[in-house]
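Chemist: Show me the folded form of this:
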Amino acid sequence: MSESSALEAANTFEELRLAPELLAAVAAMGYTTPTPIQREAIPLVLAGRDLLAQAQTGTGKTAAFTLPLLHKMKPFANTSTSPARHPVRALVLAPTRELAIQVYDNVAMYAKNLPLRSTVVYGGAGMQEQEAALRAGVEVLVATPGRLLDHAGNKLALLNQVQFLVLDEADRMLDMGFMPDLKRILNLLPAKRQTLLFSATFNDEITRLANSFLQNPLKVEVARKNSATELVEQVAHRVAEDDKMEALLRIVRVRGLSQALVFTRTKIAADKLYRRLQRRGVEAAAIHGDKAQVDRLLALEGFKQGKIKLLVATDIAARGIDIAELPCVFNYELPYHPEDYVHRIGRTGRAGASGLAVSLVSAEEDKLLAGVERFINRKLEISPLPSPPPPPAPARPAARPEAADAGSTAGTYARGRRGREPQVCALFLPPVRPAQDDGAHE
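Modeler: I've put the predicted structure just below:
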């Protein structure tokens, strides 16, 4: 493709010929070298082409569409207080609240030196604040489909001047059944626009979607089809279903993991594991679709700050989690859809860093494992669980003459009260096989 080949040597953001205000924002964030998806996509977007791009999470895809769109909107930037001077020119659709918030945060950081307004709207939150932002006027609107249609129905989200449409994680939007909403939104947009579709995986549905929404798109792939990132060490262990929590804690302890994201298939399983971890003294939290938005945001913030060690999540809720240098992802339960495996392990090994993905596979999950292996075109070898370190030898207390009378009732009571050990987080204890699984009482 001629448009991109001419810029193959673009090793800095300056060589991509972005506006000085954007270059300053990028430099302030500590970025110097564009990632492969940014080198490929930015010149094509600047050239006005529709784009069908495959990029895994953690590859810098948000900047790949945000930077060129902000560059193209710079001529419209103004400080007027009139809402009419700030119509929606760029619409970014995301499948989940978390991803929408993450994209908006990036837009705000990249646009901080330009008088362009942006906001984010999503379900599970009050309408009033979102309505106020829309009434004031915004050039960049990041939204989940359902809430966008709510605002459009109330005549607050006017989309008749949209010049740029971005479908982020389009494969997940299809999985979540957003196709009818997408068609309704498309009917509200001008026919003449530039459309960018980003997806972590390509399949027949994505191709059909691209053919219906995009005009003569150029295709960009920065990784092998449906491949998992090469920077992630992928490990699988055979574990009975009832033993998975102990195996999880053992691996965290033996590998010295500071944090981990733990995936389950269902909301019920996420809550059950979270409660069991808490009862073991582990700093844990859970996020899924039934959690209130404020609880999800608090859990994510605690995880980002390192206060939460194990964050238990379902696939949908984990979209948008972007933790710098997250060391490990656990597949506590293998996903029903093999492509979700790629999304999961993409949470670690981001932006050039190494990562670890551990799958705990029960005998009942053999078919799911086979599906994952076919999808990534790679065999996940089953390895034994790491051996736990030997427990430290108990320290011998110094002899105390006053405690020589072992038959003293007062002495025994004092030792029992003062010598009691404080509760210790389960991550620092040797694995203990419980006599009876406490999960049966939940």
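
Chemist: Pull the contacting residues for residue 160.
Modeler: The contact partners of residue 160, taken as CB atoms under 8 Å, 6 or more residues apart in numbering, are 188, 189, 190. (Each C-beta comes from the backbone N, C-alpha and C, glycine too.)

Chemist: Relative to residue 343, which of these is nearest.
Modeler: The nearest member of the contacts of residue 160 to residue 343, counting by CB to CB, is residue 189 at 27.3 Å.

Chemist: That closest one touches residue 163, doesn't it?
Modeler: No: here residue 189 does not reach residue 163: they are 9.5 Å apart, not a contact under CB atoms under 8 Å.

Chemist: Which residue ranges of this structure form strands?
Modeler: For the chain, the strands defined by DSSP state E cover 51-54, 90-93, 118-121, 140-143, 164-167, 194-199, 218-221, 232-238, 260-263, 284-287, 310-313, 328-331, 355-361.

Chemist: of all those, which lies closest to residue 12?
Modeler: Put simply, out of the strands of the chain the one that sits nearest residue 12 is strand 218-221, at 19.7 Å, with distance taken as CB to CB.

Chemist: Tell me the most packed of the contacts of residue 160, by neighbour count.
Modeler: Comparing the contacts of residue 160 on neighbour count, residue 189 comes out first with 18 neighbours (neighbours: other CB atoms under 10 Å).

Chemist: ok, for it, nearest residue in space, not its chain neighbours?
Modeler: Spatial nearest neighbour of residue 189, excluding adjacent residues (CB to CB, 6 or more residues apart in numbering): residue 162 at 5.0 Å.

Chemist: which residues sit in contact with that neighbour?
Modeler: Residues counted as contacts of residue 162 (CB under 8 Å, 6+ apart) are 88, 89, 90, 91, 189, 190, 193.

Chemist: next one: residue 394
Modeler: Residues touching residue 394, when contacts are defined by CB under 8 Å, 6+ apart, are absent altogether.

Chemist: Give me the pLDDT value at it.
Modeler: Per-residue confidence for residue 394 comes out at a pLDDT of 71.

Chemist: Residue 416 too?
Modeler: The model reports residue 416 with a pLDDT of 43.

Chemist: contacting residues around the nearest residue to residue 143 once chain neighbours are set aside?
Modeler: Ranked by CB to CB, 6+ apart and with sequence neighbours excluded, the top spatial neighbour of residue 143 is residue 121, at 4.8 Å. The contact partners of residue 121, taken as CB under 8 Å, 6+ apart, are 100, 130, 133, 134, 141, 142, 143, 144, 147, 148, 151, 157.

Chemist: Give me the neighbour count for residue 341.
Modeler: When counting by other CB under 10 Å, one arrives at 27 neighbours for residue 341.

Chemist: Make 17 the first number, not 1, from now on.
Modeler: In the new count, where the first residue is 17, that last one comes out as residue 357.

Chemist: if we can go back for a sec, for residue 60, see how far away the residue nearest to residue 159 is.
Modeler: Taking CB to CB, to the nearest Å as the measure, residue 137 falls 28 Å from residue 60.

Chemist: Would you pull up how far stretch 46-64 lies from the middle of the chain?
Modeler: Put simply, stretch 46-64 sits 21 Å off its chain's centre (CA atoms, centre = their mean, to the nearest Å).

Chemist: Over to stretch 58-75?
Modeler: Distance of stretch 58-75 from its chain centroid, counting by CA atoms, centre = their mean, is 20 Å.

Chemist: tell me how far the ends of that stretch are from each other?
Modeler: Stretch 58-75 has its terminal residues 14 Å apart, counting by CA to CA, to the nearest Å.

Chemist: what comes up buried for it?
Modeler: Going by neighbour count (16 or more other CB atoms under 10 Å), the buried part of stretch 58-75 is 58-62, 65-75.

Chemist: Show me just the buried residues among the contacts of residue 178.
Modeler: Of all these considered here, the ones buried according to neighbour count by 16+ other CB under 10 Å are 104, 105, 106, 107, 205, 209.

Chemist: wait, which of those residues is closest to residue 258?
Modeler: Comparing the buried ones among the contacts of residue 178 against residue 258 with CB to CB places residue 107 closest, at 47.7 Å.

Chemist: Surely the closest one and residue 181 touch.
Modeler: Yes: distance between residue 107 and residue 181: 5.3 Å, which falls inside the contact criterion (CB under 8 Å).

Chemist: Give the intersection of the neighbour lists for the two.
Modeler: residue 205.

Chemist: quick revisit: could you dump the strands of the chain into CSV with distance to residue 227 added?
Modeler: What follows is those, written out as CSV (distance: least, CB to CB, whole Å):
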stretch, distance to residue 227
strand 67-70, 9
strand 106-109, 18
strand 134-137, 28
strand 156-159, 24
strand 180-183, 13
strand 210-215, 11
strand 234-237, 12
strand 248-254, 32
strand 276-279, 32
strand 300-303, 35
strand 326-329, 33
strand 344-347, 33
strand 371-377, 33
